[in-house]
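Novice: heads up, no residue letters with this:
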């Protein structure tokens, strides 16, 4: 069993399920331990108990010992498994106890649902793909009411390019709608043909671009996610207008750190595909961990 959280740690790397044993978490843990020493601790969410004692919010470990909340916590949660009854409840408790969260609860929640973030970005006047979705309506009725053609179909929750596919026309979507899982709604989006198989991933920390890279799919497929076999070629500074758009998207949602995925339009402009609060990056982007160290150090000062 892992040791309980130390009461003297000012900075936590808070790791939810499916985010604990990942390359990004290991790289961040090593960078934070090197920069902050005993002030830092990696804390899995399953080591904490929440409470209210004599009218005061409390934290305890699994031995029942009272735990002092950290001054700053960098949150790593897998978006697809994030639960309002579990992880979000913990984040609300920490935020109420005075911990500065990277990222804040409301911003994390906005990014959990792909349509929620599109709502926020569209309200702010940022370019997003034409999109339709539904609530309790059956998917076949939603498709029959009209969808973009061709149509990118994706679940409102998902990561790594899973549960995303391209349908050439509404008839194909109608034929496939019986295969759509009913646990969450799906989005039906305009297909940005000029960006097929590629996008621009921009990583933003504290309102500035840390790095950017063009992601390209394997074998000419639609999805450019590295997790789906794509490649990522760093290109910071090559597309300044796109980087400015990414910074605006991060600011509108309220994210301290995020990855903004932008689609290439035929006229040279960009459209926001989605914003990721739990962004991942590879060894080819070594600038990200130092930027997060600097963001945490500034808050601890």
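Specialist: Thanks, I have it. Not measured: the values here are computed from a predicted model.
Novice: where does the protein have low pLDDT?
Specialist: Scanning the chain for pLDDT under 70 picks out 1-7, 161, 177-179.
Novice: what are the phi and psi values for the residue of it most remote from its centre?
Specialist: Of all residues in the chain, residue 54 has its C-alpha farthest from the mean position, at 36.2 Å, by C-alpha atoms, centre = their mean. As for residue 54, its main-chain torsions (degrees, to the nearest 10) stand at phi 50, psi 40.
Novice: From the contact counts, what lies against the helix or strand containing residue 203?
Specialist: Assigning secondary structure by DSSP states H and E places residue 203 in strand 198-205. Here strand 198-205 touches strand 208-216, helix 240-253, strand 257-264, helix 288-300, going by 3 or more C-beta pairs under 8 Å, 6 or more residues apart in numbering; DSSP states H and E. The way it works is simple: take the backbone N, C-alpha and C, and place the C-beta from them, glycine included.
Novice: among these, which is the most enclosed?
Specialist: By mean neighbour count, with neighbours taken as mean count of other C-beta atoms under 10 Å, strand 257-264 ranks first of the helices and strands packed on strand 198-205 at a mean of 24.
Novice: what's downstream of it, the next helix or strand?
Specialist: Trace forward from strand 257-264 with DSSP H and E and the next one is strand 270-276.
Novice: That following strand: partners in the sheet, and parallel or antiparallel?
Specialist: Strand 270-276 sits in its sheet next to strand 257-264 (antiparallel), going by DSSP bridges.
Novice: can you give me the angle the strand it pairs with makes with strand 198-205?
Specialist: Put simply, strand 257-264 runs at 150 degrees to strand 198-205, going by axes from the mean of the first three to the mean of the last three C-alpha atoms, to 10 degrees.
Novice: Residues in contact with strand 257-264: which ones?
Specialist: 74, 102-103, 111, 129, 192, 194-195, 198-206, 215, 242, 245-246, 249-250, 270-277, 279-281, 292, 295 (C-beta atoms under 8 Å, 6 or more residues apart in numbering).
Novice: Which members of the residues you listed are classed as buried?
Specialist: Buried by 16 or more other C-beta atoms under 10 Å: 74, 102-103, 111, 129, 192, 195, 198-206, 215, 242, 245-246, 249-250, 270-277, 279-281, 292, 295, out of the contacts of strand 257-264.
Novice: where along the stretch 101-250 of the chain do the helices fall?
Specialist: 105-112, 114-123, 139-144, 170-176, 240-253 (DSSP state H, counting those that start in this stretch).
Novice: Mind putting these into TSV with distance to residue 133?
Specialist: Below are those laid out as TSV (distance: least, C-beta to C-beta, whole Å):
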stretch	distance to residue 133
helix 105-112	15
helix 114-123	5
helix 139-144	8
helix 170-176	13
helix 240-253	18
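Novice: out of these, nearest to residue 21?
Specialist: Among the helices of the stretch 101-250 of the chain, helix 105-112 comes nearest to residue 21, with 20.9 Å by C-beta to C-beta.
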